[in-house]
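> sequence first, then the predicted structure:
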Amino acid sequence: MLTKYSANPNDVKKYSTEQLRNEFLIDELFEESKIKVAYSHIDRAVALGITPTDKPLVLQEWINSKSFGTEFFLERRELGLACLSGSVTVSVDAKTYHLNTLDVLYIGRGAKEINITREDGDATVYGLSAPAHKTLPTKIVTQKDARVVELGSLETSNQRVINQYLHPDVIETCQLCLGITHLAPGSVWNTMPAHTHERRMEAYLYFNIKPEQAVFHMMGEPTETRHIVVRDKQLVLSPSWSIHSGCGTQNYSFVWGMLGENQTFDDMDFIPMDTLA
């Protein structure tokens, strides 16, 4: 299991490119026939990269319970699984759920036996887990069930569709919010004008980035911005004090996930463009 610790914004001002990448980027989350686990001390978020092939992957076999101090992974946690490609079957305590591309499964606190099996295609599943204070039912949210919000324009290079899956208007969770944003052809900017939200951290899993393309993820305090170059299926951890925005060499997609004090999607502290530095 990869472990990432919290970073002080005063220290980050002095980081080299290598230090920035080591602190905030998870560049090898997916590996064939494995479940890879990354633990962040930022709000105790846990990211999972799941790539099933011929045999089912049993989540508990890839989790070191001692790292969480519990008998099993979701004893005090909830989990969202987003199918990025292909299709999979997820078994949760012997109940089966079928996920196609861009479907999301919410798994509530207390689920013990979780198995992921590839059904078709090059299946890739991304997971994000948060601490949970109560048990809520496991439920699938298909792409057509997501709440759709269209934002931006081609004139500002940020025309995009936000699909809200784990969101208070769609499904009840304890604190985990998760959705998928797709940029329109010709648009490259996401989440600009920039904002922070001191009440929540956020994680961006970028995908649909072609091998010859890249995304420049903007981070840091509004007056001390930095950037991290991101490739396909790489994850950036964004602490609550940091902006989180991206500019690509072509349009792309990303899974955003949030956890923290509240679930109010619009609770943002917007940064005036003329104050960014």
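Good, I have the coordinates. Keep in mind it's a predicted model, so treat the numbers as computed, not measured.

> which stretches of the stretch 1-150 of the chain form helices?
Secondary structure of the stretch 1-150 of the chain (DSSP state H, counting those that start in this stretch): helices located at 9-12, 17-24.

> just say which of those is most tucked in.
Looking across the helices of the stretch 1-150 of the chain with neighbours counted as mean count of other C-beta atoms under 10 Å, the highest average goes to helix 17-24: a mean of 15. C-beta coordinates here come from the backbone N, C-alpha and C atoms, glycine included.

> before we move on, the earlier item: mean pLDDT lowest where, among the helices of the stretch 1-150 of the chain?
When these are ranked by mean pLDDT, helix 9-12 comes last with a mean of 91.

> re earlier: including distance to R44, could the helices of the stretch 1-150 of the chain go into a markdown table?
Converted to a markdown table, those look like this (distance: least, C-beta to C-beta, whole Å):
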| stretch | distance to R44 |
| --- | --- |
| helix 9-12 | 19 |
| helix 17-24 | 16 |
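
> packing partners of the one helix or strand in the chain whose mean pLDDT sits lowest?
Least confident helix or strand, the chain: strand 269-270 with a mean of 74, by mean pLDDT, DSSP states H and E. Under the contact criterion of 3 or more C-beta pairs under 8 Å, 6 or more residues apart in numbering; DSSP states H and E, the helices and strands touching strand 269-270 comprise strand 195-196.

> can you list the strands that the strand it packs on pairs with?
Based on DSSP bridges, the pairing partners of strand 195-196 within the sheet are strand 269-270 (antiparallel).

> can you list contacts of the partner strand?
By C-beta atoms under 8 Å, 6 or more residues apart in numbering, the list of residues contacting strand 269-270 from outside reads P193, A194, H195, T196, H197, E198.

> buried subset of the residues you listed?
Buried residues within those, defined by neighbour count using 16 or more other C-beta atoms under 10 Å: A194, H195, T196, H197.

> run a quick neighbour tally on H182.
Counted with other C-beta atoms under 10 Å, the neighbours of H182 add up to 17.

> show me what it is bridged to.
Once the bridges are assigned, which here means DSSP bridges, H182 pairs with V161, S253.

> residue contacts, it?
With contacts defined as C-beta under 8 Å, 6+ apart, the neighbours of H182 are R160, V161, N163, N208, N251, S253.

> nearest to E28, of the residues you listed?
N208 (18.2 Å; C-beta to C-beta).

> isn't R160 up against T181?
Yes - judged on C-beta atoms under 8 Å, R160 makes contact with T181 at a distance of 5.5 Å.

> report the set of residues contacting both of the two.
The overlap between the contact sets of R160 and T181 (C-beta under 8 Å, 6+ apart) consists of N190.

> of the helices of the stretch 1-150 of the chain, which is nearest F72?
Nearest to F72 among the helices of the stretch 1-150 of the chain is helix 17-24; the distance by C-beta to C-beta comes to 29.0 Å.

> other residues contacting the closest one?
Residues from elsewhere that reach helix 17-24, judged by C-beta under 8 Å, 6+ apart: K4, Y5, A7, V12, Y15, D27, M219, R226, I228, V236, L237, S238.

> any idea which of those residues the model trusts least?
Per-residue confidence over the contacts of helix 17-24 reaches its minimum at A7, where pLDDT is 89.

> what distance do you get for it to Y106?
Counting by C-beta to C-beta, to the nearest Å, the separation of A7 from Y106 is 29 Å.

> who's more crowded, those two?
Each of A7 and Y106 has its neighbours counted (other C-beta under 10 Å); Y106 has more, 23 against 19.

> D274 belongs to a strand, doesn't it?
No - checked against DSSP: H, G, I helix; E, B strand; the rest coil, D274 lies outside a strand; its state is helix.

> okay, now it: neighbour count?
Applying other C-beta under 10 Å, I find that D274 has 6 neighbouring residues.

> who's in contact with it?
Listed by C-beta under 8 Å, 6+ apart, D274 has no contact partners.

> list the beta-bridge partners for V149.
Using DSSP bridges, the bridge partners assigned to V149 are I162.

> give me the neighbour count for it.
In terms of burial, V149 registers 14 neighbours under the definition other C-beta under 10 Å.

> noted, bye for now.
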